[in-house]
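[1] For reference, the sequence and a predicted model appear below.
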Amino acid sequence: MFPRNYWYVAAWADEVRRQEMLRRTICDEPVVLYRREDGRPAALEDRCCHRHMPLSDGRIRGDNVECLYHGLTYDPTGACIRVPSQTQIPPDARVRSYPVAERYGWVWIWMGEPALADPAAIEDFHWMDHPDWRAKGERLAVDANYMLLVDNLLDLTHLQFVHPTTLGTEAISGNPIKTERIGDGVRVTRWIMDSPAPPFFQKAGGFAPDENVDRWQIIDFTPPGFVRLDVGAAKAGTGAPEGDRSQGITMRNLNAITPETDGTTHYFWAQAHDFRIDDPTVTELLFRQVHTAFLEDLAVLKAQQANIDAFGEPPQVDFNQDAGGLQARRALQRILDAEANAGGLRARA
Ligand code: FES
Ligand SMILES: [Fe+2]
């Protein structure tokens with residue numbers, strides 16, 4: 001079960017090309033993504049209504065898709081507009097079409113009720129293409145349920161154990177977190193005051209190994225799977241907690257987490273920075289450092305999921321550090337319940 005009435009990131013814009021179809025499973029539904037002649041993306045259910053052939057194996061004809069098997073042709077609304085063997089097209093000859101939008105370098109897809117799809121509800125990721133910022137990211141395939149990744153990003157005490165060569169320092173887990181509920185979302189804030197910068201920040205911000213910093217991690221989760229981290233560090237005692245970040249560096253770690261199946265996830269992420277934006281080697285360095293760390297996370301998530309499967313979803317013990325993840329799970333449960341209720345009401349109407 002996944003929240004349906006949300007925009008999810010389906011692909012990086014350059015993954016969806018003209019004259020090529022991309023099959024991608026999103027929230028357990030195989031979807032085919034392609035571009036119309038004018039460049040706008042389109043998304044259809046990836047299954048021909050005739051004999052279930054994946055449409056992504058077929059051909060693009062102008063704005064339309066022709067099935068490989070017997071040539072049924074669908075327009076971007078999902079309506080069948082051609083049946084080679086007859087002139088009459090039955091009205092139920094159609095496939096589902098999904099609302100799509102392109103923003104921040106990503107193609108977004110609406111997996112719920114099409115009438116409710118409002119592009120204004122797309123989550124804010126303006127750091128991806130704002131002129132004052134530079135960002136670089138990628139898509140990673142995660143062998144785990146998407147909520148394990150949300151947990152991971154909302155509890156950064158793992159940095160010192162999983163990422164000692166990049167993001168971690170000894171000082172993280174000893175500093176308390178503050179957890180706030182903001183609408184349907186959750187904010188987790190941690191300040192690590194007057195302690196050495198992690199290796200990544202030494203490289204990015206030019207902090208010396210023996211120079212202490214005040215480091216912040218402000219994590220914003222919004223359902224169903226968006227996590228934006230405001231992270232950085234400034235020379236210790238220069239006023240960063242009061243808002244003066246001029247003696248340090250600020251970054252955004254931007255995460256759009258899209259469920260593929262119950263046990264697999266599409267992980268779209270990017271690292272953005274607002275300092276030394278004219279030096280592409282800085283953008284690359286930040287990307288590489290975080291990429292290295294995220295591969296370490298992927299190994300953890302895969303091992304967790306394998307054990308969850310092997311032990312049949314055993315109970316787990318929670319600690320203070322889990323406050324953010326637990327609130328996120330509660331928010332998602334509220335959404336799933338509300339969507340199930342609304343579906344029940346519609347079915348009875
Ligand atoms: S399966 Fe697609 S046309 Fe027959
Ligand atoms: Fe991590």
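    Perfect, thanks for sending it. Ligands and ions are numbered 1, 2, ... in the order given.

[2] Just say helix, strand or coil for Asp194.
    Using DSSP: H, G, I helix; E, B strand; the rest coil, the structure places Asp194 in strand.

[3] per-residue pLDDT, the nearest residue to it once chain neighbours are set aside?
    Leaving aside its sequence neighbours, Asp194 sits nearest to Ala236 (Cβ to Cβ, 6 or more residues apart in numbering; 4.4 Å). All C-beta atoms are positioned from the backbone trio N, CA, C, and that covers glycine. At Ala236, the model reports a pLDDT of 96.

[4] now the strands for the stretch 201-349 of the chain?
    All strands of the stretch 201-349 of the chain, identified by DSSP state E, counting those that start in this stretch, fall at 212-222, 226-235, 248-261, 264-273.

[5] quick check: domain ranges of the protein?
    Here the domain parsing of the chain from automatic domain parsing is 7-121, 126-337.

[6] nearest to Met1, of the ones you listed?
    Nearest to Met1, of all these, is domain 126-337, at 5.6 Å by Cβ to Cβ.

[7] end-to-end on that closest one?
    Start-to-end span of domain 126-337 (Cα to Cα, to the nearest Å) is 31 Å.

[8] Could you find the closest non-adjacent residue to whichever residue of the stretch 101-250 of the chain sits closest to ligand 1?
    Going by Cβ to the nearest ligand atom, ligand 1 is nearest to Ile109 of the stretch 101-250 of the chain, at 22.5 Å. Spatial nearest neighbour of Ile109, excluding adjacent residues (Cβ to Cβ, 6+ apart): Ala10 at 4.0 Å.

[9] Over to Met193?
    Nearest to Met193 is Asp214, by Cβ to Cβ, 6+ apart, at 5.1 Å.

[10] So what's the gap between stretch 31-51 and the chain middle?
    The chain centre lies 22 Å from the centre of stretch 31-51; the measure is Cα atoms, centre = their mean, to the nearest Å.

[11] how many neighbours does Gly312 have?
    A total of 6 residues lie near Gly312 under the criterion other Cβ atoms under 10 Å.

[12] Quick check: it vs ligand 1, distance?
    Between Gly312 and ligand 1 the distance is 38 Å, computed by Cβ to the nearest ligand atom, to the nearest Å.

[13] show me what contacts that residue?
    For Gly312, no contacting residues are found, by Cβ atoms under 8 Å, 6 or more residues apart in numbering.

[14] quick revisit: OK, contacts around the residue nearest to Met193?
    The contact partners of Asp214, taken as Cβ under 8 Å, 6+ apart, are 191-194, 233-238, 240-241, 248.

[15] re earlier: quick check: phi and psi at the residue nearest to Asp194.
    phi -60, psi 140 (degrees, to the nearest 10).

[16] for Asp184, same thing?
    Backbone torsions of Asp184, given as degrees, to the nearest 10, read phi -80, psi 0.

[17] Just to check, it is in contact with Phe221?
    No. Using Cβ atoms under 8 Å, Asp184 is not in contact with Phe221, being 9.2 Å away.

[18] the more surrounded of those two?
    With neighbours defined as other Cβ under 10 Å, Asp184 and Phe221 compare such that Phe221 has more, 27 against 14.

[19] Now the more buried one: closest residue in space, sequence neighbours ignored.
    Using Cβ to Cβ, 6+ apart, the nearest residue to Phe221 is Val186, at 4.6 Å.

[20] circling back to that earlier point, distance to Gly343 added to the domains of the chain, as JSON lines?
    Formatted as JSON lines, the domains of the chain follow (distance: least, Cβ to Cβ, whole Å):
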{"stretch": "domain 7-121", "distance to Gly343": "9"}
{"stretch": "domain 126-337", "distance to Gly343": "10"}
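
[21] so what's Glu45 up against?
    By Cβ under 8 Å, 6+ apart, the contact list for Glu45 reads Glu29, Pro30, Val31, Val32, Leu55, Gly78, Val95, Arg96, Ser97, Tyr98.

[22] which residues touch the closest residue to Thr292 other than its chain neighbours?
    Spatial nearest neighbour of Thr292, excluding adjacent residues (Cβ to Cβ, 6+ apart): Thr166 at 5.7 Å. By Cβ under 8 Å, 6+ apart, the contact list for Thr166 reads Pro198, Pro199, Phe200, Gln289, Val290, Thr292, Ala293.
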